[in-house]
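Q: One predicted model, sequence on top.
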Amino acid sequence: MTGMKRFFRGVRFATVLGAAILVVAACAQNPTDQAGVGAGTSATPGSAQDFVVNVGDRVFFETDSTELTMQSRTTLDKQAQWLGLYNRYAFTIEGHADERGTREYNIALGARRAQTVREYLIARGVEASRMRTISYGKERPVAVCNDISCWSQNRRAVTVLNAGAQG
Amino acid sequence: MPLLRRSPPFGVSLSRRHLLLAAGSVAAAAALGRTRPAHAVLRLDITQGTIQPVPVAITDFVAAAPADAETGRNLSAVITNNLKRSGLFAPIDQAAFIERIENIDVAPRFQDWRVINAQGLVSGRVTRQPDGRFKTEFRLWDVFAGSQLTGQQYFTQAENWRRIAHIISDAIYERLTGEKGYFDTRIVFVDETGPKERRIKRLAIMDQDGANVRYLTRGDDLVLTPRFSPTSQELTYMSYGQGEPRVMLLNIETNQREIVGDFPGMTFSPRFSPDGQRVVMSLQRGGNANIFVMDLRSKRTMRLTDTAAIDTAPSFAPDGRQIAFESDRGASQQIYLMNADGTGQRRISFGQGAYSTPVWSPRGDVIAFTKHSAGSFAIGVMRVDGSGERILTEGYHNEGPTWAPNGRVLMFFRDPGGNAGPQLFTVDLTGYNEQRVPTPGYASDPAWSPLLS
């Protein structure tokens, strides 16, 4: 998945060169989804940065679909394992859609995607009380262009660790 | 002597009376000669597809005092712009005018207006009253019949001259087409600024011609899909604040806001009932969106749909008896109707593609929609039984139709995608006369107000 690769490339690049570059890279990709990423030079195990870099904070969906792909399941299995290990974190699952849908429908579609991830994590043993979901519909794309390479990155559900729980 | 006084909407004090010329001057005008029979009065049939716009001459309003000459020109300019944008009228360049109207109380020299092929002639006068208000008068003449079609006068505070220009535009439109106009109306929309991945969205309101833009929210919270109350100075819209995204009410005069209802999940896609007493909206529970209606006074809530699907974008019929909505209960998004109590749910769209955002025409006979098929997002209309589908505009990416109060014109937004942003457009019900609506920046989610007066 090219979106995933590009995302990680951005993060690693930033990690090596430090905090100033991180801000730039984050802007180019998505500022909100990386709010939890610290400015350290390596991912401390159990840190939000560790979650983003070594586990993967997001899964992607096919057009108009809320089904989890094999790759998404693998990512969510890792998320569940990590969240089980570091159970001090509460988190929000953000559901998103690409721009090729009407506004109201996309709000509901994003909610459905977030719900799919929520149910999967619960089935993998993560406590429901730690989670909340929110849908942004097509309002918060990470990739902005007019073709499929961007749309596929925007159809996503992102697990965002709540700030203030980094103990 | 005003014959009619109305409670002033938006603080406009407005009075009007019909203007009549002395019988003698009309008779004299009629005697100048006709090129068509007396019964063939100037009148447009606007139900046909392509319409040859009617040439009209709109003169600068005569100012009783030189200080008000600019207002006189501005009144004429706003009326000219309205009538031109409607696509039904072709205002004639003032440079071609032969007669200079100095006194609107005497009949114009019709021959001078026939020569430049004007079929209608608008003259007017603005007079500042001792109390500072404007008296604005206008007359609409049928040039070929040599007679006055209508004439009225209005009193208002000087700063409200634009509204008077819109009201006069509506009077001209109504006299010549036989249908209510839509110029004395406003548009609420979402103003968009900033990069696409961090768009700042603010509620904004403006006159239907793009003038008098005012921002209603500051951009701190993401706001979507504002809709006018048909009966009060209120909007309903969706807002992302703290916690769950919510349907809100906003009073556009006091700026007071309140959350609509206390629901255990996100609420979105709100719209008022025709009596303004209820809001119908979607409630998200888990993966399902269902439609609920809430009475704004009693706060009583009723569930209207109960499916494991996405049911959203509800829109009442103008008689309040039925609701159109979209649902993907049959796999792809399609348009459904139900009775106002949720019974009798049935699908009406069966064409190729996905149908969404149904909006019932104020006339009740058709439903506008967004249609997504093969990479194109079109705006179209269908009859309420789903037949007679017509596409009015298509391409990438049109969305979110809203009706002018007379049901003749639709506004929507078009977003070309990528880094560009959306803009507002209007198109006639016939599919002709597409026009961009001026806005200060990118704009989406327009909603047309009812007529203000």
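A: Looks like it arrived, so ask away.

Q: Chain B contacts on chain A?
A: Counting by CB under 8 Å from any CB of the partner chain, chain A comes close to chain B at A:30-32, A:66, A:99-105, A:107-109, A:111-112, A:115-116, A:134-137, A:139-146. The C-beta positions use only the backbone N, C-alpha and C, and glycine is treated the same way.

Q: Can you flag the buried ones in these?
A: Neighbour-count burial (16 or more other CB atoms under 10 Å in any protein chain shown) applied to the residues of chain A next to chain B gives A:30, A:66, A:99-105, A:107-109, A:111-112, A:115-116, A:134-137, A:139-144.

Q: Pull up the per-residue confidence for B:Thr231.
A: What the model reports for B:Thr231 is a pLDDT of 91.

Q: so where's chain A shaky on pLDDT?
A: Low-confidence regions of chain A, defined by pLDDT under 70, span residues A:1-41, A:164-167.

Q: how about 80 then?
A: A:1-42, A:146, A:148, A:164-167 (pLDDT under 80).

Q: Over to the stretch 301-450 of chain B?
A: Residues of the stretch 301-450 of chain B that meet the cut-off, pLDDT under 80, do not exist.

Q: how about the strands in it?
A: Under the criterion DSSP state E, counting those that start in this stretch, the stretch 301-450 of chain B contains strands at B:301-303, B:311-316, B:322-327, B:334-339, B:346-347, B:354-360, B:366-373, B:376-383, B:390-393, B:398-403, B:409-414, B:423-428, B:435-437, B:442-448.

Q: okay, those in a markdown table with distance to B:Thr156 next?
A: What follows is the strands of the stretch 301-450 of chain B, written out as a markdown table (distance: least, CB to CB, whole Å):
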| stretch | distance to B:Thr156 |
| --- | --- |
| strand B:301-303 | 42 |
| strand B:311-316 | 33 |
| strand B:322-327 | 38 |
| strand B:334-339 | 43 |
| strand B:346-347 | 49 |
| strand B:354-360 | 32 |
| strand B:366-373 | 34 |
| strand B:376-383 | 36 |
| strand B:390-393 | 36 |
| strand B:398-403 | 27 |
| strand B:409-414 | 26 |
| strand B:423-428 | 27 |
| strand B:435-437 | 25 |
| strand B:442-448 | 23 |
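
Q: Take the ones you listed and lay them out in CSV including mean neighbour count and distance to chain A.
A: Formatted as CSV, these follow (neighbours: other CB atoms under 10 Å in any protein chain shown; distance: least, CB to the nearest CB, whole Å):
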stretch, mean neighbour count, distance to chain A
strand B:301-303, 14, 16
strand B:311-316, 27, 5
strand B:322-327, 25, 7
strand B:334-339, 21, 11
strand B:346-347, 12, 16
strand B:354-360, 26, 4
strand B:366-373, 24, 5
strand B:376-383, 21, 8
strand B:390-393, 16, 15
strand B:398-403, 25, 6
strand B:409-414, 24, 10
strand B:423-428, 21, 15
strand B:435-437, 16, 18
strand B:442-448, 24, 7
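
Q: For chain A, give the helix that spans the most residues.
A: For chain A, the helix with the greatest residue count under DSSP state H is helix A:103-123.

Q: immediately after it, which helix or strand?
A: Once helix A:103-123 ends, the next helix or strand along the chain (criterion: DSSP states H and E) is strand A:131-137.

Q: So what touches that following strand?
A: Under the contact criterion CB atoms under 8 Å, 6 or more residues apart in numbering or on different chains, strand A:131-137 has outside partners A:90-97, A:103, A:106-111, A:113-115, A:117-118, A:121-122, B:222, B:224, B:240, B:244-245, B:266, B:284.

Q: how much space between the residue nearest the centre of chain B and chain A?
A: Centroid-nearest residue in chain B: B:Ala404, 3.4 Å away (criterion: CA atoms, centre = their mean). As for B:Ala404, its distance to chain A is 21 Å (criterion: CB to the nearest CB, to the nearest Å).

Q: can you give me phi and psi for that residue?
A: Per-residue torsions, B:Ala404: phi -60, psi 150 (degrees, to the nearest 10).

Q: Nearest residue to it in space, please, no chain neighbours.
A: The shortest distance from B:Ala404 to any non-neighbouring residue, by CB to CB, 6 or more residues apart in numbering or on different chains, is to B:Tyr182 (3.9 Å).

Q: correct me, but the one you found touches B:Thr402?
A: No - B:Tyr182 is beyond contact range of B:Thr402, at 11.5 Å (criterion: CB atoms under 8 Å).

Q: chain center to the host helix or strand of A:Gly95: distance?
A: Element membership of A:Gly95 [criterion: DSSP H and E] is strand A:91-96. Distance, stretch centre to chain centre, for strand A:91-96: 7 Å (CA atoms, centre = their mean, to the nearest Å).

Q: Quick check: can you name the pairing partners of that strand and their directions?
A: strand A:131-137 (parallel), strand A:156-161 (antiparallel) (DSSP bridges).

Q: The ones you listed: which one's closest to B:Ala107?
A: B:Ala107 lies closest, by CB to CB, to one member of the strands paired with strand A:91-96: strand A:131-137, at 60.2 Å.

Q: How much space separates B:Pro264 from B:Arg285?
A: 7 Å (CB to CB, to the nearest Å).

Q: the more surrounded of the two?
A: B:Arg285 (13 against 9; other CB atoms under 10 Å in any protein chain shown).
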